[in-house]
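Asker: Next input, structure requested:
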Amino acid sequence: QVQLVESGGGLVQPGGSLRLSCAVSGNIFSINTCGWFRQEPGKEREFVAAIRWGDGTTYYKDVMRGRFTISRDNARNTVNLQMNSLKPEDSAIYYCVAGYNDGIYAYSAIEGYRSWGQGTQVTVSS
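Answerer: You can find the predicted model right below:
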């Protein structure tokens, strides 16, 4: 099991940028994938992006590809999400997730992630 702590959320104007970070601690060897989901009030959690811890392969929800970039720092055990050209519809609570993906679930599937952070609020508004 790992522990995940997000930071970097806040209020930003449309068109602006934010960088979310997730500190990963605990049994790092129990995971091979980290990622981000988001959730708007009254809606289901939505996949944003994922990254394989070992080789850095990335996966994105199509509509976010090109605006969002996920990265990881193996030395510091952090996963980052750079969000550019933000839109009001990007407003949500963003959750850092981690799990061991052995091919049973798609990287976009909630079921593939056993560890979740507490979430960080992102609000895009003028």
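
Asker: those strands in the chain, which residues are they?
Answerer: Along the chain, the stretches classed as strands by DSSP state E are 2-7, 10-12, 18-26, 33-39, 46-52, 58-60, 68-73, 78-83, 92-99, 115-116, 120-124.

Asker: Name the strands paired with the fourth one and say parallel or antiparallel.
Answerer: For strand 33-39, the paired strands and their directions (DSSP bridges) are strand 46-52 (antiparallel), strand 92-99 (antiparallel).

Asker: Pick the most deeply packed of those.
Answerer: Of all the strands paired with strand 33-39, strand 92-99 has the most neighbours on average by mean count of other CB atoms under 10 Å, namely a mean of 24. (C-beta placed from N, C-alpha, C; glycine too.)

Asker: Export only the CA atoms of that one, formatted as CSV.
Answerer: Taking C-alpha atoms only, strand 92-99 is exported to CSV below (Å, rounded to 0.1, in the frame of the first residue of the first chain):
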residue,chain,number,x,y,z
ALA,A,92,-13.0,19.7,-10.3
ILE,A,93,-11.4,17.9,-7.5
TYR,A,94,-8.3,16.2,-8.8
TYR,A,95,-7.2,12.9,-7.2
CYS,A,96,-3.8,11.2,-7.5
VAL,A,97,-4.1,7.5,-7.8
ALA,A,98,-1.7,4.5,-7.8
GLY,A,99,-1.9,0.8,-8.5
